[in-house]
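sequence first, predicted coordinates after that:
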Amino acid sequence: MRIFMTEIRRSPLRWWLPVLLAVDLLAIFGRSRYWMGEWPQTSVQAQIPAFYFGPAAAAASAWASGRSRRRGADDLLLGAARAIWLPNLVQLASTLCYVVGVYLAGCLAAATASELGVHGSGFLWPSYIALGLALVVSFAAIGHAIGRIISAPYGGSAIAGLLCLACVTWLGDQNALGLFTTSGAPFLRVGTLPLLARFACVLVIMGAGGLALHYSYTHRAARAFRPGGVFLAAMLPVLGLLLVAGPVQGVRNPAEARQVCTKTVPKLCFWSEDSKYLGTATAMADRAAALPAPFVSPPLFTEQGLTREKMSVTSFYVLEGSMWDPAESMAGAILSHTRPHDCTPSSTLPEPAMVASGNVTMWLAMRIYGGVRPAGMHGEPPGVDMAAVERVLGLPAERQNAWALSQWAVVRDALC
């Protein structure tokens, strides 16, 4: 314990602790606040700082592990009564104490902010927090080994930090190695096997680092080759294990769902973790029910993942806290439900009818949403002039309805 406390006091991270804490809080609260009150999204947001702390831990760990060589203490460590791996483990633990401590403090801050808001059921999802923890620990272990392999005073830290930053930037997202995730939709969860694989990789990396340390102390003539070769060779099974384990996130079984629904017709149902949207959804359902004839709404809309269908016409997805996507999905379903059933619909529409269909869809979405499309949302049907549709939304209800019916008439005539 005395050695550990000495390493804590001598760690270069002690000077960077306020900066790390500021980076943590900025990464959590700086970009958006939609995740507050939605526990899966809060958990993902609390995990995001690991993206920055991983490379920082690697650089700091490389500096700490190379300190004994820079001070000529290798011979003392070889002659010490303690096992040679013990002081190195203490150095690594002292680095992790700072980085993991700040990471967990950020998780607590995110949980507190989410709890103080209008919150859904549950609490932080431990699997997302553990995913970030695996990233930080593995990068710190990599940095520790690099610091022992590379003797240059600042070279080891620079190489470790930049190498890990490149790894997490280019290979870290869900489509590659899945070292972190940015989506906390309630129908997704971190798989048990992929998470265990990442912690197994931590053990492999630390074991490889131990072998590299052994060679760096006992094979001085081969320092430049053998430790690096041992460590790089161990990275191959690490990459293989990550690839074999599959995607870090999987789809939850709908049978696990505890859904909450509006008391309206049409009815909108959500995962219980998204219950904070019920108030907005109730208002949207009332506006959908008040649409003029002949527009007819399906009786039920469900959030993605609540049914076994991957995505149906009546499914919707809440994108970054905005209810625009559900409004757009409802508009498309209403238009599909309103299509004439007394004739055989044409499989293709001429361009004027396609544009008219897009115009009506966007108008319906805005009416249901209760305003124009939010500035952060993009994309519209081909040929649709969103500015023109927004101007229509500002007209009296009678003139809006007349415009929408004229557009719908073009679509209906083309369908039959």
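Cool, the structure landed.

enumerate the positions of the helix or strand where residue 337 lies that are buried.
Taking DSSP states H and E as the definition, residue 337 sits inside helix 324-338. Neighbour counts using 16 or more other C-beta atoms under 10 Å place 324-335, 338 of helix 324-338 among the buried residues. Placement of C-beta: from N, CA and C, glycine included.

got it, and stretch 143-160?
Neighbour-count burial for stretch 143-160 [16+ other C-beta under 10 Å]: 143, 144, 145, 146, 147, 148, 149, 150, 156, 157, 159, 160.

pretty sure the first one sits in a helix.
Yes - according to DSSP: H, G, I helix; E, B strand; the rest coil, residue 143 belongs to a helix.

just how off-centre is stretch 6-15 within its chain?
Distance of stretch 6-15 from the chain centroid (C-alpha atoms, centre = their mean, to the nearest Å) equals 32 Å.

pLDDT of that stretch, averaged?
For stretch 6-15, mean pLDDT is 78.

again with stretch 336-351
The average pLDDT within stretch 336-351 is 74.

repeat that for stretch 28-46.
Per-residue scores along stretch 28-46 average to 90.

flag every buried residue along it.
28-29, 35-46.

dump it to PDB, restricted to CA.
Extracted in PDB, the C-alpha atoms of stretch 28-46 (Å, rounded to 0.1, in the frame of the first residue of the first chain):
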ATOM      1  CA  ILE A  28     -21.100  14.300 -21.200                       C
ATOM      2  CA  PHE A  29     -23.000  17.600 -21.000                       C
ATOM      3  CA  GLY A  30     -21.500  19.700 -23.900                       C
ATOM      4  CA  ARG A  31     -23.100  18.200 -27.000                       C
ATOM      5  CA  SER A  32     -26.700  17.700 -26.000                       C
ATOM      6  CA  ARG A  33     -29.100  17.100 -23.100                       C
ATOM      7  CA  TYR A  34     -31.800  14.900 -24.700                       C
ATOM      8  CA  TRP A  35     -30.500  11.800 -22.900                       C
ATOM      9  CA  MET A  36     -31.500  13.100 -19.500                       C
ATOM     10  CA  GLY A  37     -34.300  11.000 -18.100                       C
ATOM     11  CA  GLU A  38     -33.700   8.200 -20.500                       C
ATOM     12  CA  TRP A  39     -31.500   5.600 -18.700                       C
ATOM     13  CA  PRO A  40     -30.100   3.700 -21.700                       C
ATOM     14  CA  GLN A  41     -29.100   6.900 -23.400                       C
ATOM     15  CA  THR A  42     -27.700   8.300 -20.100                       C
ATOM     16  CA  SER A  43     -25.600   5.200 -19.700                       C
ATOM     17  CA  VAL A  44     -24.200   5.600 -23.200                       C
ATOM     18  CA  GLN A  45     -23.500   9.300 -22.600                       C
ATOM     19  CA  ALA A  46     -21.700   8.500 -19.400                       C
END
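
helix/strand/coil for residue 374?
In three-state terms, and counting by three-state DSSP, residue 374 is coil.

from residue 260, how far out is it?
Separation of residue 374 from residue 260 (C-beta to C-beta, to the nearest Å) stands at 24 Å.

between the two, who's got more neighbours?
When residue 374 and residue 260 are compared for neighbours, residue 260 comes out ahead with 20 against 12, by other C-beta atoms under 10 Å.

that one pairs with what?
residue 270 (DSSP bridges).

return the residues in contact with it.
Residue 260 is in contact with 269, 270, 271, 272, 274, 275, 278, counting by C-beta atoms under 8 Å, 6 or more residues apart in numbering.

so what pLDDT did it get?
For residue 260, the model assigns a pLDDT of 92.

same check, this time on residue 390
Confidence score, pLDDT, at residue 390: 93.

so it is in contact with residue 365, correct?
No - counting by C-beta atoms under 8 Å, residue 365 is not a contact partner of residue 390; they are 11.3 Å apart.

number of residues surrounding residue 371?
With other C-beta under 10 Å as criterion, residue 371 counts 11.

phi and psi next, for it.
Dihedral angles of residue 371 (phi, psi; degrees, to the nearest 10) stand at phi 170, psi -180.

from residue 402, how far off is it?
Residue 371 sits 21 Å away from residue 402, going by C-beta to C-beta.

and what of residue 296?
Note on residue 296: its distance to residue 402, by C-beta to C-beta, is 19 Å.

residues contacting residue 141?
Shown in contact with residue 141 (C-beta under 8 Å, 6+ apart): 61, 92, 202, 205, 206, 209.

grab the nearest non-local neighbour of the fifth one.
Distances taken as C-beta to C-beta, 6 or more residues apart in numbering put residue 141 closest to residue 206, at 4.8 Å, once the chain neighbours are dropped.

repeat for the second one
For residue 92, ignoring the flanking residues on the chain, the nearest one in space by C-beta to C-beta, 6+ apart is residue 144 at 4.9 Å.

thinking again about what came up before, which one of the buried residues of helix 324-338 sits closest to residue 171?
Each of these was scored against residue 171 by C-beta to C-beta, and residue 325 proved nearest at 29.3 Å.

tell me the pLDDT of that closest one.
Looking at residue 325, its pLDDT is 93.

again with residue 227
Looking at residue 227, its pLDDT is 55.

ok, longest helix in the protein?
Using DSSP state H to define each element, the chain has its longest helix at helix 85-116.

now for that one, which elements pack on it?
helix 2-10, helix 13-29, helix 39-47, helix 50-65, helix 126-149, helix 192-218 (3 or more C-beta pairs under 8 Å, 6 or more residues apart in numbering; DSSP states H and E).

CA atoms of the fourth one as PDB?
Okay, so that is helix 50-65. The C-alpha trace of helix 50-65 is given here as PDB (Å, rounded to 0.1, in the frame of the first residue of the first chain):
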ATOM      1  CA  ALA A  50     -13.700   6.600 -22.300                       C
ATOM      2  CA  PHE A  51     -13.100   7.600 -25.900                       C
ATOM      3  CA  TYR A  52     -10.800  10.400 -24.700                       C
ATOM      4  CA  PHE A  53      -9.600   8.800 -21.400                       C
ATOM      5  CA  GLY A  54      -8.300   5.600 -23.200                       C
ATOM      6  CA  PRO A  55      -5.600   7.400 -25.100                       C
ATOM      7  CA  ALA A  56      -4.800   9.700 -22.100                       C
ATOM      8  CA  ALA A  57      -4.400   6.600 -19.900                       C
ATOM      9  CA  ALA A  58      -2.100   5.000 -22.500                       C
ATOM     10  CA  ALA A  59       0.200   8.000 -22.700                       C
ATOM     11  CA  ALA A  60       0.300   8.500 -18.900                       C
ATOM     12  CA  SER A  61       0.900   4.800 -18.300                       C
ATOM     13  CA  ALA A  62       3.700   4.800 -20.800                       C
ATOM     14  CA  TRP A  63       5.400   7.700 -19.100                       C
ATOM     15  CA  ALA A  64       5.000   6.100 -15.700                       C
ATOM     16  CA  SER A  65       6.300   2.700 -16.800                       C
END
